[in-house]
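Trainee: Give the three-dimensional model of this entry:
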Amino acid sequence: MDIDSTDAKILEALQRDGRASHSAIAEEVGLSQPSVHERIKKLEQRGVIRGYTTIVDPEALDLGVLAFISARFNRYETEGVTSALMEVPNVLEVHHVAGEDCLLIKVRCHAPADLEHILGRIWKSGPISGTKTTIAVSSYKETSALPLEGCPPEAEVDSV
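Mentor: Coordinates of the predicted model:
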C-alpha cells in the first residue's frame, strides 16, 4: 500500500496524538485543513488507518504482570488454538512464529496467580505440547506506533 511523504507526516502526527485536530495537523505538515481531512479519510478508506484507540497505563489498572508465552503444538491445530486464545481478555497479542515454537503470546494480568490461570486456559485451548513463560521485570519501550521514517522512499513525488 503506497503512501507519500505527506501521508507519512500525517500518520506520524496521529500516532503521537490520535486526538490531534485536523487544523493542528495541517499546520504541522503545511497543508490546508480540508486537505488533511481528505487525506485522513482516504487513509481510513484504504485501511492504512485501522482505527483509533486510547492507550491506558497498565499500572493504573493494576495489570503489572507482563508475560510472553511461547507455545508448541501440532502445526495443524493453529486455527483452533488461536481462536480459543482470542477469547482470553488478558491475551493482548498472538503471533505465529518461525522456529522451535509455534506461537508467541503476550499477556497482562494482575498477579502470578492470574498468569497461572491464563496458562491453564492456553493448555486447554488445544493439543499444546509445551510452553515457556518469560515474565518482564522492566519495560523500556512499549509502543504501537509504527516507524514511518524512510516511508515512502525519498524519490517518490508527493501528491495532494
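Trainee: and for stretch 68-86, what are the contacting residues?
Mentor: 91, 94, 96-97, 100-107, 118-119, 121-122, 124-134, 136 (CB atoms under 8 Å, 6 or more residues apart in numbering). Where C-beta positions appear, they are placed from N, C-alpha and C, glycine not excepted.
Trainee: To which secondary structure element is the residue nearest in space to the middle of the chain assigned?
Mentor: For the chain, residue 144 is the residue whose C-alpha lies nearest the centre (CA atoms, centre = their mean; 4.9 Å). Residue 144 is part of no helix or strand when elements are defined by DSSP states H and E.
Trainee: any idea how far the residue nearest to it when sequence neighbours are not counted is from residue 2?
Mentor: Spatial nearest neighbour of residue 144, chain neighbours left out: residue 55 (7.4 Å); criterion: CB to CB, 6 or more residues apart in numbering. Computed as CB to CB, to the nearest Å, the residue 55 to residue 2 distance reads 28 Å.
Trainee: same check, this time on residue 96
Mentor: Residue 96 is 27 Å from residue 2, by CB to CB.
Trainee: What of residue 57?
Mentor: For residue 57, the distance to residue 2 - CB to CB - is 35 Å.
Trainee: And these two? Which one has more around it.
Mentor: Per other CB atoms under 10 Å, whichever of residue 57 and residue 2 has more neighbours is residue 2, with 10 against 7.
Trainee: helix/strand/coil for the more buried one?
Mentor: coil (DSSP: H, G, I helix; E, B strand; the rest coil).
Trainee: Count the neighbours of residue 147 for me.
Mentor: By other CB under 10 Å, neighbour count at residue 147 equals 9.
Trainee: go on, residue 94?
Mentor: If we define neighbours as other CB under 10 Å, then residue 94 has 18 of them.
Trainee: Repeat that for the one 4 residues further on.
Mentor: Applying other CB under 10 Å, we find 6 other residues in the vicinity of residue 98.
Trainee: List the contacts of residue 124.
Mentor: residue 84.
Trainee: That one and residue 42, how far apart?
Mentor: According to CB to CB, residue 124 and residue 42 sit 44 Å apart.
Trainee: what do you get for residue 85?
Mentor: 34 Å.
Trainee: Could you tell me how many residues sit around residue 26?
Mentor: Other residues near residue 26 come to 19 when the count uses other CB under 10 Å.
Trainee: isn't it right next to residue 38, touching?
Mentor: No. Contact criterion CB atoms under 8 Å: residue 26 and residue 38 do not qualify, at 10.9 Å.
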